[in-house]
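> sequence first, predicted coordinates after that:
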Amino acid sequence: MLLYIHGFNSSPLSNKAVLTAEYIRQQFPQLEFYQPQLPSSPQQAMSMLIDITEQAKAVGKPLRFIGSSLGGYFASYLAEKYSGKAVLVNPAVKPFDLFEEFIGPQYNPYTDEHYQVLPAHRDDVAQYNTEVICHPDRFFVMLQTGDEVLDYRQALHKYHCCEMLLEPQGDHSFVGYELHLARISQFLKLGE
């Protein structure tokens, strides 16, 4: 099972998500692949991700995750709690510390959804924090120093003991992501 987790105000229609889905379809057509549109509520989003993960785990499927930005934060929690492997792309490390700038009206251009980020959502997100990575072998972290949304140094510090790709420049979308799909697949052992 592979679960792709998009970031804040994103969707399965984002460039990375589309590239991933196409690659999986071509290279691993038999793989059970999930790429849900997450609800805007962090609690509902995490509930959906946990349900997918627990159903796969219950039938003994290997758990694999790709998480981008806030999706990387969620993937960290899932991989640590459920023994999966995760690739994190420019992951959010402490998204709850950034909430002040997002509280209020939001718009997701992919889904055309208008919604509210509430102060309570900060605590909802914070409860899934993995302060310490106990199983560094489960993670492959991809960072670009030109990330204009998140400070890559936070992820560099948190995941310093994990397999890592650190590229100069780039941006939050991770420029050239498609060039790394083979390595991502290898780390996640998608062919097994």
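Yep, that arrived.

> from one end of stretch 104-123 to the other, what's the distance?
Terminal residues of stretch 104-123 are spaced 15 Å apart (CA to CA, to the nearest Å).

> which positions within that stretch qualify as buried?
Neighbour-count burial for stretch 104-123, with 16 or more other CB atoms under 10 Å as criterion, is recorded at 108, 111, 117, 121-122. The way it works is simple: take the backbone N, C-alpha and C, and place the C-beta from them, glycine included.

> how far is the one helix or strand residue 183 maps to from where the chain is centred?
Under the assignment given by DSSP states H and E, the secondary-structure element containing residue 183 is helix 181-188. When distances are taken as CA atoms, centre = their mean, to the nearest Å, helix 181-188 is centred 15 Å away from the chain's centroid.

> equivalent analysis for stretch 162-170, please.
16 Å.

> now swap in stretch 32-43 and tell me
For stretch 32-43, the distance to the chain centre is 11 Å (CA atoms, centre = their mean).

> please shift the residue numbers so they start at 338 in all later answers.
Sure, I'll start numbering at 338, so the last one becomes stretch 369-380.

> now do it, average pLDDT.
Regarding stretch 369-380, the rounded mean pLDDT is 96.

> mind listing residues that contact it?
Residues external to stretch 369-380 that are found in contact with it (CB atoms under 8 Å, 6 or more residues apart in numbering): 338-343, 348-349, 354, 357-358, 361-362, 381-382, 385-386, 389, 393, 398, 408, 443, 445, 448, 450, 452, 454, 458, 461-462.

> let's go with 7 Å and repeat that
For stretch 369-380, contacts defined as CB atoms under 7 Å, 6 or more residues apart in numbering pick out 338-341, 343, 348-349, 354, 358, 361, 382, 385, 389, 398, 445, 448, 450, 452, 458, 461-462.

> in strands, which of those fall?
339-341, 445, 450, 452 (DSSP state E).

> quick one on the thing from earlier: export the buried residues of stretch 441-460 to JSON lines and tack on distance to residue 425 and pLDDT?
Output for those, formatted as JSON lines (distance: CB to CB, whole Å; pLDDT from 0 to 100):
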{"residue": "445", "distance to residue 425": "22", "pLDDT": "95"}
{"residue": "448", "distance to residue 425": "23", "pLDDT": "93"}
{"residue": "454", "distance to residue 425": "22", "pLDDT": "94"}
{"residue": "458", "distance to residue 425": "21", "pLDDT": "94"}
{"residue": "459", "distance to residue 425": "21", "pLDDT": "93"}
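
> need the residues you listed in CSV (columns: distance to residue 509).
Converted to CSV, those look like this (distance: CB to CB, whole Å):
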residue, distance to residue 509
445, 16
448, 19
454, 18
458, 21
459, 21
